[in-house]
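Q: Structure for the following, please:
(2 chains)
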Protein chains: 2
Amino acid sequence: MTALQDRSVRPSVTTGPITGSHKTYREVDGLRVPARRVELSTGEHVDLYDTSGPYTDTDATIDVHKGLPKLREPWIAGRGSLTQLGFAKAGVITEEMRFCAAREDLSPEFVRDEVARGRAVIPVNRNHPESEPAIIGKNFLVKINANIGNSAVSSSIEDEVEKMVWATRWGADTVMDLSTGKRIHETREWILRNSPVPIGTVPIYQALEKVGGDPAKLSWEVYRDTVVEQAEQGVDYMTVHAGVLLRYVPLTARRVTGIVSRGGSIMAAWCLAHHKESFLYTHFEELCEILREYDITFSLGDGLRPGSIADANDEAQFAELRTICELTHVAHDHDVQVMIEGPGHVPMHKIAENVRLEEELSGEAPFYTLGPLATDVAPGYDHITSAIGAAQIGWLGTAMLCYVTPKEHLGLPNRDDVKTGVITYKIAAHAADLAKGHPGAQDWDDALSAARFDFRWDDQFNLSLDPDTARSFHDETLPAEPAKTAHFCSMCGPKFCSMKITQDVRRYADEHGMSTVDAIEAGMAAKSAEFDAAGGKVYLPVVEQ
Amino acid sequence: MTALQDRSVRPSVTTGPITGSHKTYREVDGLRVPARRVELSTGEHVDLYDTSGPYTDTDATIDVHKGLPKLREPWIAGRGSLTQLGFAKAGVITEEMRFCAAREDLSPEFVRDEVARGRAVIPVNRNHPESEPAIIGKNFLVKINANIGNSAVSSSIEDEVEKMVWATRWGADTVMDLSTGKRIHETREWILRNSPVPIGTVPIYQALEKVGGDPAKLSWEVYRDTVVEQAEQGVDYMTVHAGVLLRYVPLTARRVTGIVSRGGSIMAAWCLAHHKESFLYTHFEELCEILREYDITFSLGDGLRPGSIADANDEAQFAELRTICELTHVAHDHDVQVMIEGPGHVPMHKIAENVRLEEELSGEAPFYTLGPLATDVAPGYDHITSAIGAAQIGWLGTAMLCYVTPKEHLGLPNRDDVKTGVITYKIAAHAADLAKGHPGAQDWDDALSAARFDFRWDDQFNLSLDPDTARSFHDETLPAEPAKTAHFCSMCGPKFCSMKITQDVRRYADEHGMSTVDAIEAGMAAKSAEFDAAGGKVYLPVVEQ
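A: Reported below is the predicted structural model:
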């Protein structure tokens, strides 16, 4: 039987729309493109980019034992064996490209061109037809990834499936399954069949389990077989630490935090044990052939990324980056899509150099960074230390940001940590979209700010990244329902409200049907007259200059 | 009787050291300079900048009804009536300057010179001798401010005193009392007498209460008397919205969020009601004379700051900034210290322009910004949207960051929100110190990262900004006490640990007493040999390039 038929596994997943919004679909020449629609009290609506899949669609029936509908099956059927990159180079616009274009209100030709240049990727394994294609590249909305996965010390299949659904509900554009514990294969099967977003993995983790956890026992054959196993299941992108070369390992010895990447240290350990060059590097072209067959996207991992501010931008890190960028061109020659992973821990003034180097050496392959954390001193708050770096590196051109949760460095994220990490990274990504001037990005801010200024409290809550939290915070100070329509807030109270003053000025303008500026001039005079008439003591200032 | 003798008010404040650290004092030519000392398990220690005053000193007796010891009384006694700026210009190094220099390990002469140039301020009202002087300027550690204060809808004197103690415990360098509710005078007295940090206020708030909440009823006399009342109590810096000129008000009418500053809208309302120029502007020189008498620092408020991304860097905002900068020079001529307040809501790509203009027009007077928030779409998470902007503007030269709590725009911060806001802003400020290359700033990160890498868990927790949270997060996944000494963490589990690999390499180097790089080369060969000897099947990679 297949993993999903195992009735002893009973994932219960969160369904139903996010408060104050509902799923909508736009028909774009034959494609059904999802969006999260927020209906405003003004009669207008705002459509937001939606990663949540059928789970937020009240009309969809969810059966985790069946998995999601195979959206892409008809597109793939009878299609040649080219990858998205292959089609793009051949001038062919695929359904996936049109779908991504529609999601971001851009032209399909622009999407094709960015993919053809290797400046954007659409991670879509032929064996993961359930996913809704998304495009990752510097000229598109900044995307975010959420890591999930069980470990030697905790978690179950049920937990991981719900974490995936929960993460995409709040906005995760991709999810990486980093499971290292028991039932890795089954866990991944459950996640893939039920995931509306691309799924990434680090195959070396499972390969290590297969050899009893001893890096020295790893071999190309074990690794290759693991990649094929995961490829068959439908993994959309794979992190491969092919840039950890034997000669780079000594460069990490004097670091404050040595090698902190799990995959990087596994390969470093293998190189040390055998005093041989990494099999990921020596077999890289064979690997390209396998990934091309399924249209799996490379995520070339930075196994030597800095684990502390002290190690940022050092020789080991940049030596590996150069190698990764060389391999990017090799993969592109094989029509395999590539993302490049980045740090890590980097102080703000050293962030730009990372993007500059990556773009120059790789030809602007999509950069996919972990944070970076802008300081090491706040364990327990590393979603924040890293959001500071993530927003900046996103602005500078990073295409996807890998989230960091409050548990980073301390423990395994629970459901709440996953949500906090996702919301925090949606903030960083959107801040970057604004700074990059992504067309339409600011409409969302403008709609929310207009609602705030008009005291349309429910519109403000419903437009926010996390309506439930916004509403509950408001309730804490002003619980009564009337407060939701009150023309004041808890900061100044009912007697005086700063925002009300501008509104008085505007109202005056409307009533007198004049251009606003004239109205204010007139309004000031009139108000002044009213005031005198009312017998109010008018104070005459002594003008001193 | 004085407010503190009122026994019906019973503030209970948090005392005792932060977990894993203790108060220490360094004797620097006659001055006792406080620091938070973290003793490491290695026998070394790390001293951190300490804003918490006697409350974290186990040897101090705290009696909120008496107030804190008057540290500065002997310094002030018999001193001439010059301000810190006046003394600095006259070439005199005050005890306050030496105290600030010692706190930041800089020379007193450097401090004097920065104050003399107006590039740094030391807010110290003669009537607030309880405070420990701190310096605010672009060439010093970035400081943070925490806002507290009751409102028309909630809070008590007890709550506000504890919020002040709580905020300084976690690192607030100054505290603003923005009370607008009942017993404003008494609340402020309680806060001042018990505060180890400079206290700021916005006098127009209390003046408005005095005229029954109607801005039109305000007058220079009511305002002046309020300023004198607060000056006598010992307020160290005052926000004055003297740049909201009559002719600027119409510039806000077409904004998405008009005027959002409370003080700014009060003055705009007054200008509209009387069709006269702001009395804060026309009486500015009289105001300078009053502030000089007490050595109160101006915080020239940005009453027309943008309340949304849409309004950032607009005509109204920059028109006011130009006026504020002109007034800065007027105040300096009167030997009055000045800070300039900044936005607000600003997308990342528009932040630099704010700092550039402020520095150019004011001659680098300390910039004191609220955030800025880098996006409007995340109410409930605005401590994060603003930390993104705050870290960046701090790096660019902002001297003090006004914190934002998760309740911003939604409600009044409780004790937990105050802590979250302070910790978040300490992160932003320290990230900025790192990016500015402030001497010694990175030592803290390096100490924590070294502890992390050596699995000295308790050292890592104790060195963190919030040891309690870091420790509790670790306990959630690995509760057992042994885990605090375990050479692995919950991410990879005991069987495999990435950090352990580098340590194995280093240990080998030490054991064989070679330079690390040689050792690794040798080590790799040896490990390889061992492996062969052990009969392990050695895989020979096919080198393809």
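
Q: low-scoring stretches of the stretch 351-500 of chain A, by residue?
A: Where the stretch 351-500 of chain A drops to pLDDT under 70, the residues are A:478-500.

Q: Going by residue numbers, what spans are strands in it?
A: A:367-370, A:400-402 (DSSP state E, counting those that start in this stretch).

Q: For the shortest one, what is the distance to the chain centroid?
A: Pointing back at strand A:400-402 there. Taking C-alpha atoms, centre = their mean, to the nearest Å, one finds strand A:400-402 lying 5 Å from the centre of the chain it belongs to.

Q: Let me see the residues that make contact with it.
A: Strand A:400-402 is contacted from outside by A:136, A:142-145, A:147, A:173-174, A:176, A:339, A:341, A:366-371, A:390, A:393-394, A:425, A:428-429, using C-beta atoms under 8 Å, 6 or more residues apart in numbering or on different chains. Glycine gets a C-beta too; all of them are placed from N, C-alpha and C.

Q: ok, and which of the residues you listed reach chain B?
A: A:Ala428 (C-beta under 8 Å from any C-beta of the partner chain).

Q: what about the closest residue to A:Glu132 other than its chain neighbours, neighbour count?
A: Ranked by C-beta to C-beta, 6 or more residues apart in numbering or on different chains and with sequence neighbours excluded, the top spatial neighbour of A:Glu132 is A:Pro196, at 5.2 Å. The tally of other residues near A:Pro196 (other C-beta atoms under 10 Å in any protein chain shown) stands at 23.

Q: now swap in A:Glu44 and tell me
A: 11.

Q: can you tell me how far it sits from chain B?
A: Going from A:Glu44 to chain B by C-beta to the nearest C-beta, to the nearest Å gives 15 Å.

Q: In contact with the residue of the stretch 1-150 of chain A found nearest chain B, which residues?
A: Per C-beta to the nearest C-beta, A:Leu48 is where the stretch 1-150 of chain A lies closest to chain B, at 9.2 Å. If you count contacts by C-beta under 8 Å, 6+ apart, A:Leu48 has them with A:21, A:35-38, A:444.

Q: beta partners for it?
A: Taking DSSP bridges, one obtains A:Arg36 as the residues bridged to A:Leu48.

Q: per the record, what domains does chain A have?
A: Following the TED database, one finds the domains of chain A at A:117-439, A:487-544.

Q: follow-up on the earlier one: just the contacts of A:Leu48 now: which is nearest B:Gly258?
A: Nearest to B:Gly258 among the contacts of A:Leu48, counting by C-beta to C-beta, is A:Trp444 at 19.9 Å.

Q: returning to what we had before: restricted to buried residues, select the contacts of strand A:400-402 in ChimeraX.
A: ChimeraX command restricting the contacts of strand A:400-402 to the buried ones, with burial defined by 16 or more other C-beta atoms under 10 Å in any protein chain shown:
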select /A:136,142,143,144,145,147,173,174,176,339,341,366,367,368,369,370,371,390,393,394,425,428,429
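
Q: Could you list which of the contacts of strand A:400-402 belong to helices?
A: Under the assignment DSSP state H, the contacts of strand A:400-402 contribute A:390, A:393-394, A:425, A:428-429 to helices.

Q: Now compare those and name the two farthest from each other.
A: It's A:Ile393 and A:Tyr425 that sit farthest apart of the ones in helices among the contacts of strand A:400-402, by C-beta to C-beta, at 12.0 Å.

Q: Can you check the pLDDT for A:Ala167?
A: With respect to pLDDT, A:Ala167 scores 98.

Q: How many residues are close by it?
A: Neighbour count of A:Ala167, defined by other C-beta under 10 Å: 29.

Q: circling back to that earlier point, type out the ChimeraX command that picks the buried ones from the contacts of A:Leu48.
A: Applying 16+ other C-beta under 10 Å to these leaves a buried subset, and the ChimeraX line that selects it is:
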select /A:21,35,36,37,38,444
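
Q: quick one: contacts for the one residue sitting closest to the centre of chain A?
A: Closest to where the C-alpha atoms of chain A average out (C-alpha atoms, centre = their mean) is A:Ile144, at 0.9 Å. A:Ile144 sits next to A:171-174, A:400-403, A:422, A:425-426, A:428-429 when contact means C-beta under 8 Å, 6+ apart.

Q: Closest one to chain B out of these, please.
A: Among the contacts of A:Ile144, and counting by C-beta to the nearest C-beta, the member closest to chain B is A:Ala428, at 6.7 Å.

Q: The closest one and A:His383 touch, don't they?
A: No. A:Ala428 lies out of contact with A:His383 (C-beta atoms under 8 Å); the separation is 9.6 Å.

Q: Would you indicate which residues of stretch A:271-280 are buried?
A: Quick answer for stretch A:271-280 (16+ other C-beta under 10 Å): A:271-276, A:278-280.

Q: Spatially, which two of those are the most separated?
A: Comparing all pairs in these by C-beta to C-beta, the longest separation belongs to A:His275 and A:Leu280, at 16.2 Å.

Q: before we move on, the earlier item: so how far is A:Val13 from the residue nearest to A:Glu132?
A: Relative to A:Val13, A:Pro196 is positioned 12 Å away (C-beta to C-beta, to the nearest Å).

Q: Now the common contact residues for these two.
A: By C-beta under 8 Å, 6+ apart, the residues touching both A:Pro196 and A:Val13 are A:Tyr55.

Q: and the gap between A:Tyr403 and A:Gly389?
A: Taking C-beta to C-beta, one finds A:Tyr403 at 12 Å from A:Gly389.

Q: again but with A:Thr24, I slipped
A: From A:Thr24 to A:Gly389 the distance is 34 Å (C-beta to C-beta).

Q: How about A:Gly30?
A: Note on A:Gly30: its distance to A:Gly389, by C-beta to C-beta, is 41 Å.

Q: quick one: which of those two has more around it?
A: A:Gly389 (32 against 7).

Q: Report the contact partners of the more buried one.
A: So A:Gly389 contacts A:346, A:348, A:351, A:371-374 (C-beta under 8 Å, 6+ apart).

Q: Just give the closest residue to it, not the sequence neighbours.
A: When the adjacent residues along the chain are set aside, A:Gly389 lies closest to A:Pro372, with 3.9 Å between them (C-beta to C-beta, 6+ apart).
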